[in-house]
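Colleague: Following is a predicted model, sequence given first.
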Amino acid sequence: MKIKNPYIENLKKGDVSFYAHPIKYKLKDYENVLDKIRRKAKKTKEILSVYTFGHVSVPGISDIDLIFVLKEDSALPGFLRKNYIDRDSNYIVFHPFFIITENIMGNMKYVYPNSDFVKVYGRNIPIIEPSRGELKKIKTCLTTDVILRHFPVDYLYILLSKGLNVRMVLVRLNALSHSFKIFYDVTGLKKPEWENFSKRVDNIRKNWFSLGESAREDEIFTLLKEAVYISLNLVSEFDSFLSKDKRNFTNTQRQTVLFKGNKNRISFVKDWNREDAISGMISHFMEHRNFYSILPISFLKQLCNYSSVNGRLSRYIRKRLDTECMQKKLDPTIKKRIQVLNDQVEYANKLKHSHYPCFFPLGYKTEKGFKNKLILAFIIVTSSSVFRRVIFYIRSIKQKYRQLR
């Protein structure tokens with residue numbers, strides 16, 4: 001299963017810098033943060049409900065994912081303009097908030113069908129349970145979205161940039177383990193090497209604070225390199241699954257189709273194979289210092305479907321595909337999923353907030369509001385090849401200096 005790429009195989013732990021190490025917290029600290037959020041929410045008339053999803057398995061490494069549901073026609077509450085309440089919440093919450101409407105919350109299972117949404121404040125919102133027939137379609141879309149957004153780019157980019165945010169890597173490695181479970185629900189396929197990888201990720205997370213610094217850095221670096229190969233294997237297996245159904249392909253005759261998102265860039269290719277894909281991604285990065293995912297052409301149909309609905313996110317996807325692939329007939333379940341994401345993006349623009357515009361934005365950033373225009377301009381500038389080459393040149397000098405000290 002494991003392919004061997006010379007660049008990755010020759011990369012040593014000493015070639016990368018480790019930073020943002022996890023800080024030890026107790027479960028009680030997480031409860032204290034949630035209590036602070038409840039008190040804030042109680043004083044904020046615009047907030048209808050607050051939900052979490054996921055669970056805290058390892059305090060200090062796990063994070064809290066928060067969804068704020070606002071009342072209809074509410075303005076953005078002042079305290080939600082920031083990503084945190086205080087220093088502890090900034091660490092424990094980790095990611096920006098999701099800010100949505102009651103209607104979007106009610107349809108959340110069309111985005112995350114397996115998530116356990118737990119209300120921590122406010123009114124209970126009835127969440128629609130998709131039918132058994134819908135669930136497989138939703139989970140297929142979810143797996144595709146996760147691959148489009150995360151695999152293998154999350155792991156390969158960290159290695160290529162040679163800056164390893166330790167806590168972020170632990171979160172990303174755990175996400176790959178979760179993806180195996182959804183993959184099994186869709187395809188019925190398990191692999192011993194995937195299960196072994198998940199056990200090792202779970203072990204290092206649970207024992208992080210009892211391990212010595214050298215031992216845990218050795219293991220996380222090894223797991224990160226393996227995650228590149230394993231996530232590529234998952235891509236390959238899912239491509240085989242999608243390729244069994246001709247409806248998962250577009251009619252394009254082209255060998256390569258590009259998606260040029262603000263940050264997420266993808267090259268969809270025919271006759272895809274793992275070895276060429278990983279070599280191509282590394283070569284492109286070395287030349288331009290920005291990143292293109294190289295994925296099988298079977299994954300293109302998802303973006304074609306998403307681009308075929310009316311909505312701000314759909315228009316963004318449509319404009320950044322270098323081929324026209326509008327679909328005349330969409331499966332109602334898939335259409336509902338992309339409509340939920342479009343609604344999220346529209347709501348983000350209405351509120352002019354700078355948090356996540358939706359669950360799978362594909363590089364989309366909120367457009368309305370002066371601050372968001374500055375953020376978007378910054379992303380465009382810093383994503384350019386010239387800027388990236390300068391930044392990485394400076395980083396290489398700094399790293400050499402640190403090694404000489």
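Modeller: Done, it's in.

Colleague: Please make it C-alpha for all contacts and neighbour counts, starting now.
Modeller: Fine.

Colleague: could you say which helix or strand contains Leu159?
Modeller: Secondary structure assignment for Leu159, by DSSP states H and E: helix 153-161.

Colleague: which secondary structure elements does that helix contact?
Modeller: helix 213-243 (3 or more Cα pairs under 8 Å, 6 or more residues apart in numbering; DSSP states H and E).

Colleague: Could I get the average pLDDT for the helix or strand just after the helix it packs on?
Modeller: Sequence-wise, the next helix or strand beyond helix 213-243 is strand 256-260, with elements assigned using DSSP H and E. Throughout strand 256-260, pLDDT has a mean value of 95.

Colleague: all strands of the stretch 1-150 of the chain, in order?
Modeller: Along the stretch 1-150 of the chain, the stretches classed as strands by DSSP state E, counting those that start in this stretch are 17-19, 47-53, 65-70, 98-100, 117-122.

Colleague: about what we covered before: and the helix holding Leu159, what's its mean pLDDT?
Modeller: The average pLDDT for helix 153-161 rounds to 93.

Colleague: contact partners of that helix?
Modeller: 16, 164, 169, 172, 224-225, 227-228, 282, 285, 291, 293, 392 (Cα atoms under 8 Å, 6 or more residues apart in numbering).

Colleague: what's the answer for stretch 225-240, then?
Modeller: Contacts for stretch 225-240 (Cα under 8 Å, 6+ apart): 1-3, 8, 147, 151-152, 155-156, 159, 173, 176, 183, 194, 273-274, 295-296, 298-299.

Colleague: Ok, stretch 34-45 next?
Modeller: So stretch 34-45 is contacted by 47, 50, 77, 85, 120-121 (Cα under 8 Å, 6+ apart).

Colleague: Can you flag the buried ones in those?
Modeller: 47, 50, 120-121 (16 or more other Cα atoms under 10 Å).

Colleague: Select, from those residues, the two members most distant in space.
Modeller: Ile47 and Val120 (12.2 Å; Cα to Cα).

Colleague: okay, now His288: neighbour count?
Modeller: 15 (other Cα atoms under 10 Å).

Colleague: What of the one 3 residues further on?
Modeller: With neighbours defined by other Cα under 10 Å, the count for Phe291 comes to 22.

Colleague: same check, this time on Phe151
Modeller: 25.

Colleague: Kindly report the same for Asn251.
Modeller: 8.

Colleague: Need phi/psi at it.
Modeller: Note on Asn251: backbone dihedrals following degrees, to the nearest 10 are phi -90, psi 10.

Colleague: how near is it to Glu213?
Modeller: 52 Å (Cα to Cα, to the nearest Å).

Colleague: thinking again about what came up before, and which of the contacts of stretch 34-45 is nearest to Thr143?
Modeller: Using Cα to Cα, Val50 is the member of those that sits closest to Thr143, with 26.2 Å.

Colleague: For that closest one, which residues are in contact?
Modeller: Neighbours of Val50 in contact, by Cα under 8 Å, 6+ apart: 41, 66-69, 119-122.

Colleague: cool, His353 as well?
Modeller: With Cα under 8 Å, 6+ apart, His353 has these contacts: 76, 81, 366, 369, 372.

Colleague: secondary structure element for it?
Modeller: Per DSSP H and E, there is no helix or strand for His353.

Colleague: Ok, the one 5 residues further on next?
Modeller: Here Cys358, judged by DSSP H and E, is contained in no helix and no strand.

Colleague: what's the burial count for it?
Modeller: Cys358, neighbours per other Cα under 10 Å, totals 23.

Colleague: Number of residues surrounding the residue nearest to it when sequence neighbours are not counted?
Modeller: Closest residue to Cys358 apart from its sequence neighbours, by Cα to Cα, 6 or more residues apart in numbering: Gln344 at 5.3 Å. Gln344 has 25 neighbouring residues, counting by other Cα under 10 Å.

Colleague: Am I right that Gln344 is in contact with Pro357?
Modeller: Yes. With contacts counted by Cα atoms under 8 Å, Gln344 reaches Pro357, the gap being 6.3 Å.

Colleague: quick one: which of the contacts of helix 153-161 is most hemmed in?
Modeller: Ser293 (27 neighbours).

Colleague: Quick check: closest non-adjacent residue to that one.
Modeller: That would be Ile266: by Cα to Cα, 6+ apart, it lies 4.6 Å from Ser293.

Colleague: Surely that neighbour is in a helix?
Modeller: No. In this structure, Ile266 is strand, not part of a helix, as judged by DSSP: H, G, I helix; E, B strand; the rest coil.

Colleague: ok, Gly163 to Asp154 distance?
Modeller: Taking Cα to Cα, one finds Gly163 at 12 Å from Asp154.

Colleague: who has more neighbours, those two?
Modeller: More crowded of Gly163 and Asp154, by other Cα under 10 Å: Asp154, with 20 against 16.

Colleague: if we can go back for a sec, give me the neighbour count for the residue nearest to Ser293.
Modeller: Ile266 has 22 nearby residues by other Cα under 10 Å.

Colleague: For it, list each beta-bridge partner.
Modeller: Phe259, Ser293 (DSSP bridges).

Colleague: do you know how far it is from Ser214?
Modeller: On the measure of Cα to Cα, Ile266 and Ser214 end up 36 Å apart.

Colleague: what does Leu173 give?
Modeller: 19 Å.

Colleague: ok, now Glu226?
Modeller: Taking Cα to Cα, one finds Glu226 at 18 Å from Ser214.

Colleague: Kindly report the same for Asn165.
Modeller: 16 Å.

Colleague: With neighbour numbers in mind, choose between these two.
Modeller: Neighbour tally, Asn165 and Ser214, criterion other Cα under 10 Å: the higher count belongs to Asn165, 15 against 8.
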